[in-house]
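In: have a look; sequence and predicted model below, questions after that.
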Amino acid sequence: MYGQLKEAMPGLCRMAVALYEKESDVLHAFLRSPPSSTILTHYSELLSNVPSLLALAESSEPRIIDKTAASNSDTFHSQMLITAGVKSSFTVPLYLGDDLLGFVFFDASEEGYFSEKIIGQLSIYTRLIEALLVMDILPVKTLMGMVCTAQRLTAHKDPETGKHIGRVSAYVELIATELSSELDLSDEYVEYLWLYAPLHDIGKIAISDNVLLKSGALNKDEFTEMKRHVTQGIVMIEQIVGDFGFGSLHHIKLLKNMIAYHHERWDGKGYPKGVKGEDIPLEGRIMAVADVFDALSSSRVYREAFTMENTFEYITAHSGKRFDPKCVAAFLRKKDKVMEIYSQFKERGL
């Protein structure tokens, strides 16, 4: 699409899409063109910290900035664009029903580039982008809604699970973003990990309450039962995908891998397959670090939460054993951000 736009509008130098998560108030960079662009890659920010975009979301109106250098904005986002040579911009909020879905950004290397004629042409492309995003994102949200409903309607629900998934998603995104330059991960890949992370423990719905909610240590048979949540999760996703026509879900393989491999270990002593090292898909290795960190730093029915210091020590000590060393190193490099995520969710009672 960008290639067609660039041919018709040579002054365009960048197009980007950011998705919005209402629960956390976070904007996430999702797509950008050209792919070689390094402007605001893997960028995320609280919408409430960007007043100009918050105003757009509230008004539902697009915004034109004819001279970015004269916009009087000193935000990191604006300064990055100015430094990169962006002279004017056109920003449009996107919606899923009445809910904010995100924004599409068109940037130009010329001042005053966005004439009435060009805006008319871009408006057509904007509606197409919005429709394509809805086609991609709505099935994911539907799938997640179905899983949450199933958890509420059955007794087989770990009371900590609902509190756990938001933090885990944020940790997953953090690790993947930190690895993105080293491993050449796209914004799209990172954001689908964030979207799918809440479903990694879907199989716990199938585990009996006397095991899932036991207040003490599990015996051998109970632990065997608990381990079934991984294989049951895959069975459940396969059934849902088949029964409800979700086979076209974008990056569905990522979701399956996050479910299937999040209890595998770098040293091969995990379950259910006992694979090791880089034979474990990257999304499974990322999920493992995020999942264990949050499990240890949160209270459970059978134990009190580890201190944050002890939790970081555990992750560090098991690098190269339980966890991929690259994933651990990426996580530890962002320790301050981890603490920020933990505090944000704690303040919301999550």
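Out: Arrived safely, thanks for sending.

In: output the below-cut-off pLDDT ranges for this structure.
Out: 1-4, 6, 31-43, 68-84, 141, 144-164, 243-250, 301-302, 346-350 (pLDDT under 70).

In: please parse it into its domains.
Out: 2-136, 154-347 (automatic domain parsing).

In: what about Leu122, which SS state?
Out: Taking DSSP: H, G, I helix; E, B strand; the rest coil as the rule, one finds Leu122 in the helix state.

In: tell me how many other residues surround it.
Out: By other C-beta atoms under 10 Å, the residues close to Leu122 number 22. C-beta: built from backbone N, CA, C; applies to glycine.

In: correct me, but it touches Phe106?
Out: Yes. Counting by C-beta atoms under 8 Å, Phe106 is a contact partner of Leu122 at 5.8 Å.

In: which stretches of the chain form helices?
Out: 2-8, 51-59, 76-83, 116-153, 161-183, 187-196, 209-212, 220-243, 252-261, 282-296, 308-317, 325-333, 335-347 (DSSP state H).

In: so which of the domains of the chain is nearest Thr142?
Out: domain 154-347 (7.8 Å; C-beta to C-beta).

In: follow-up on the earlier one: shared neighbours, Leu122 and Phe106?
Out: The contact sets of Leu122 and Phe106 overlap at Phe90, Phe114 (C-beta atoms under 8 Å, 6 or more residues apart in numbering).

In: the closest residue to Asp267 other than its chain neighbours: how many residues sit nearby?
Out: Closest residue in space to Asp267, ignoring its immediate chain neighbours: Lys321 at 5.2 Å, by C-beta to C-beta, 6 or more residues apart in numbering. Applying other C-beta under 10 Å, we find 11 residues neighbouring Lys321.

In: gap between Pro316 and Ala197?
Out: Just to correct that, residue 316 is Thr rather than Pro. Going from Thr316 to Ala197 by C-beta to C-beta, to the nearest Å gives 22 Å.

In: higher neighbour count, the two?
Out: Ranked by neighbour count (other C-beta under 10 Å), Thr316 and Ala197 place Ala197 first, with 28 against 13.

In: turn the helices of the chain into JSON lines, including distance to Arg14.
Out: Below are the helices of the chain laid out as JSON lines (distance: least, C-beta to C-beta, whole Å):
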{"stretch": "helix 2-8", "distance to Arg14": "9"}
{"stretch": "helix 51-59", "distance to Arg14": "16"}
{"stretch": "helix 76-83", "distance to Arg14": "8"}
{"stretch": "helix 116-153", "distance to Arg14": "13"}
{"stretch": "helix 161-183", "distance to Arg14": "18"}
{"stretch": "helix 187-196", "distance to Arg14": "13"}
{"stretch": "helix 209-212", "distance to Arg14": "48"}
{"stretch": "helix 220-243", "distance to Arg14": "35"}
{"stretch": "helix 252-261", "distance to Arg14": "26"}
{"stretch": "helix 282-296", "distance to Arg14": "28"}
{"stretch": "helix 308-317", "distance to Arg14": "37"}
{"stretch": "helix 325-333", "distance to Arg14": "27"}
{"stretch": "helix 335-347", "distance to Arg14": "26"}
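
In: noted, bye for now.
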